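Asks: Here is my input; please provide its structure:
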Amino acid sequence: MAPPPEHHKRRTTKLSKPPIRRRSLLLGTAVLGAAGALGTAGCSKVPTGDTLARLKSQRTVRLGIAGESPYGFIDDQGDFTGEAVELAKVIFKRLGIGNVQPVATDFSSLIPGLNAQQFDVVSAGMYINKERCQQVIFADPEYQMLDSFIVRKGNPKGLHSYQDVVKTKAKIATGSGYAEIDYAVAAGVPEKELVILQDPVAGLNAVESGRVDVFAGTALTGRDVVKKSRKAEATKPFAPLVDGKKKVDGGGFAFRPTDSELRDAFNVEIHKMKKSGELFRILKPFGFTQAEMTTLTAEELCK
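Replies: The predicted structure is shown next:
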């Protein structure tokens, strides 16, 4: 993903997961851009003080999302949905905040927008890492994730890791703000040779057309976006090597550093949902498996 500290991942009111269609996602991006502009224009002044108490009084929480399936996006009916959005609806309702208002922006603008008070929380399945933890505070992750490549059918270059990309001199693309930028560079891919694309759908198009050999992203988005492709497939999930160690990422909600009380209240609810199995029931329709449920903590991932 783009230069630090905004390397992504995550990588958006129904509980059924719509298929990814190029048309609907491209339309969603346009609508999201308009929504983001409106959200920015209307949020220049935000009352200070106890954020949790304020949100309860307002009965509305604004969610920063990035228009990426399956985390937060617009479905074919024009509704905001996704694993993080649906999870937010449940948890904030239990905290006494019945209305969630998604505010869309580019992924790389999520943390700046949060700290500029354009929204109250980032609800985009964002990966928790050391750089981001210096700017925001995270709830414990709702999922863990490995990487995967989108490649041509049959994987003709035999690409199963970033080291394979370096050895074969394959042309690699990834998304703007994605953590995969760091992983590719750590493996030896010159950053200037990385192709940065808008999203996994653009990545699929680039692989199918032969403009790139591989698009790097999460295992979840990889297996989802290739479902209807006749020319591309997703590789088996793998853990990137960083400084000789396998890296398993975890995604969670981000809050302003001054909003620890709100974050702590959110954590209480998400841990209840993990224990009861409710969390998995919410995430499963969006393509998550039991292997992606996690006991990792934000503290561990921030190190």
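Asks: Strands along the stretch 1-150 of the chain, start to end?
Replies: Counting by DSSP state E, counting those that start in this stretch, the stretch 1-150 of the chain has strands at residues 60-65, 73-74, 80-81, 99-104, 121-127, 137-138, 143-145, 147-152.
Asks: for the longest one, what is the average pLDDT?
Replies: In other words, strand 121-127. Mean pLDDT, computed over strand 121-127, is 94.
Asks: Likewise for stretch 78-97?
Replies: Rounded mean pLDDT across stretch 78-97 is 95.
Asks: do the same with stretch 261-274
Replies: 98.
Asks: Just the residues contacting that stretch, thanks.
Replies: 50-52, 55, 87, 90-91, 94-95, 120-121, 137-140, 142, 253, 255, 278-279, 282, 293, 295 (Cβ atoms under 8 Å, 6 or more residues apart in numbering). C-betas here are computed from N, CA, C, even on glycine.
Asks: how does it look with 7 Å?
Replies: Residues from elsewhere that reach stretch 261-274 (Cβ atoms under 7 Å, 6 or more residues apart in numbering): 50-52, 91, 94-95, 137, 139-140, 142, 253, 255, 279.
Asks: Which secondary structure element of the chain has the lowest mean pLDDT?
Replies: Between all helices and strands in the chain, the lowest mean by mean pLDDT, DSSP states H and E belongs to helix 22-41, at a mean of 35.
Asks: how many neighbours does Lys245 have?
Replies: Lys245 has 9 neighbours, counted by other Cβ atoms under 10 Å.
Asks: what is it paired to in the beta sheet?
Replies: Applying DSSP bridges to Lys245 yields these beta-bridge partners: Val242.
Asks: roughly how far apart are it and Lys167?
Replies: Distance from Lys245 to Lys167, counting by Cβ to Cβ, to the nearest Å: 20 Å.
Asks: try Glu269
Replies: 46 Å.
Asks: Is Phe80 in contact with Gln101, as I believe?
Replies: No. Counting by Cβ atoms under 7 Å, Phe80 sits too far from Gln101 to count as a contact (8.9 Å).
Asks: what about the two, which has more around it?
Replies: More neighbours surround Phe80 than the other of Phe80 and Gln101, with 25 against 13 (other Cβ under 10 Å).
Asks: now the more buried one: how far from Lys89?
Replies: From Phe80 to Lys89 the distance is 10 Å (Cβ to Cβ).
Asks: Ok, Val100 next?
Replies: 5 Å.
Asks: show me what contacts Gly64?
Replies: Taking Cβ under 7 Å, 6+ apart as the test, what Gly64 contacts is 103, 105, 110, 113-114, 119, 121-124.
Asks: Which per-residue confidence value corresponds to the closest residue to Ala170 other than its chain neighbours?
Replies: Closest residue in space to Ala170, ignoring its immediate chain neighbours: Asp213 at 3.9 Å, by Cβ to Cβ, 6 or more residues apart in numbering. Per-residue confidence (pLDDT) for Asp213: 98.
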